[in-house]
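Sequence below, structure please.
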Amino acid sequence: MIVKVPHHGEVVLDTGLTYDGVTPIFVRVTNRHGRYRFSDDGGAVSAATVDVDELVFPDRLWLGENEVNVSRRGVVWLPAFARQGQEWLEQVVSLVAEGSLVLYESLLEPLG
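A predicted model of the protein is given here:
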C-alpha cells in the first residue's frame, strides 16, 4: 500500500482488510505539518452495530508487541510524528486497521 498524505490535510485509505468479509476497514490519516493522526473513525463500532453508550472500551489494545489507543467512543487511533521514508506510514496504517479488526471481533463475542 502506498500512502500519500498532503503536508497539511488528510486522506482516507482502504486498507484491504474487512470486518466481516465484505465491509472494508478504512483508516483516516491526518497530517498537520508533520504531526499525524491515524484513525478508524469508529469503523469497528459501526460495523458491529453496537450502542457505544452501553459499552466501556479499553484505553488501548495490544497487538503483539505493539499497541493502539481506543477512545471512549470506540475509535481506534494512533498519533505519530513524521519520519524518513514511506515504510513507517504503512506500518501505522496497518496497526490501526488490525486494531480496528480486533475491536470489532471482540464486540461480536458477547453476541455469538
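
can you point me to the longest strand in the protein?
Determined from DSSP state E, the single longest strand within the chain is strand 8-18.

For the very next helix or strand once past it, which helices and strands make contact with it?
Note on strand 8-18: by DSSP states H and E, the next helix or strand toward the C-terminus is strand 24-32. The contact analysis (3 or more Cβ pairs under 8 Å, 6 or more residues apart in numbering; DSSP states H and E) places strand 24-32 against strand 8-18, strand 35-39, helix 87-108. C-beta: built from backbone N, CA, C; applies to glycine.

now strand 24-32: how far from the chain's centre is it?
Between the centre of strand 24-32 and the centre of its chain there are 8 Å (Cα atoms, centre = their mean, to the nearest Å).

Poorly predicted segments of this protein, please.
By pLDDT under 70, the low-scoring segments of the chain are 1-7, 84-86, 110-112.

sorry, back to before: return the set of buried residues in the longest strand of the chain.
Buried positions in strand 8-18, judged by neighbour count with 16 or more other Cβ atoms under 10 Å: 13, 15.

hang on, the earlier thing: got JSON lines for the helices and strands packed on strand 24-32, with distance to residue 80 too?
Converted to JSON lines, the helices and strands packed on strand 24-32 look like this (distance: least, Cβ to Cβ, whole Å):
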{"stretch": "strand 8-18", "distance to residue 80": "14"}
{"stretch": "strand 35-39", "distance to residue 80": "4"}
{"stretch": "helix 87-108", "distance to residue 80": "6"}
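
Tell me which strands the longest strand of the chain pairs with, and in which orientation.
Note on strand 8-18: by DSSP bridges, its sheet partners are strand 24-32 (antiparallel).
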